[in-house]
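> Give me coordinates for this.
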Amino acid sequence: MAVSACVALAACGCGPEKAKENADAKPSQPSASTPAIAPSGTPSASAGTEKPSAAVTGNLPAPRTKERAIQRYEQYLHGLGREDIGTVCEVAGPGAKKAEEQGFGPCTSTYVIVFQMISPEQKKALQTATVDPLRVRVHTLDKIEMPLEAVRSSATFSEEDLGSYTLEYLKNDYYITDGK
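Below is the predicted model of the structure:
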């Protein structure tokens, strides 16, 4: 990728409050890994770990745990791979909102450009990417860092094309608030 997804985070704007608005404008296709119904049972650490946000499951808060932060970041990675603008903008919301306030376009238009910069090999790898919990940095349960080294996939990514992210617990779930 010529421009990183981190740059897209800094160059787009959408938040949890805009996710429904963005989804109404261009609905994303549900996938097997992001069910439209309430989550069931305990997910495994690698496959099927994605759960809808609190906004989708009602007003129940998501667990404030390292595991949930990893699930949310995997949702974002898989959304990038599937070109699922609704998922990407929903998870990256607060961080992307900052960029919109600095004059960049809305998340839905910015990430369309990013999707075009991701190679087919990288998209396929992102669809099944996982996060190594041992490499995740927990500052507090409200602020968790997902370094690039924690991403496990069949493709190679660099700080320039994927980067590292900070997720914070806001509005009853984890959201990407910063990218490096």
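> what residue ranges in the protein score low on pLDDT?
Regions of the chain meeting the criterion pLDDT under 70 cover residues 1-58.
> Looking only at residue counts, what's the top helix in it?
For the chain, the helix reaching the highest residue count under DSSP state H is reported as helix 66-82.
> Report the buried residues of that helix.
By neighbour count, and taking 16 or more other CB atoms under 10 Å as the criterion, the buried residues in helix 66-82 are 66, 68-82. From N, CA and C alone the C-beta is placed, and that goes for glycine too.
> again, but for stretch 160-177
Of the residues in stretch 160-177, those with enough neighbours to count as buried (16+ other CB under 10 Å) are 161-169, 171, 173-177.
> before we move on, what about stretch 116-128?
118, 122, 124, 125, 126, 127, 128.
> Buried residues in stretch 81-101, which are they?
Applying a neighbour-count criterion of 16+ other CB under 10 Å, the buried positions in stretch 81-101 are 81-100.
> Tell me the one among the buried residues of helix 66-82 nearest to residue 135.
Closest approach between the buried residues of helix 66-82 and residue 135, by CB to CB: residue 70, at 10.4 Å.
> Which residue is the nearest non-sequential neighbour of that closest one?
For residue 70, the nearest residue in space outside its immediate sequence neighbours is residue 131; the separation is 4.7 Å by CB to CB, 6 or more residues apart in numbering.
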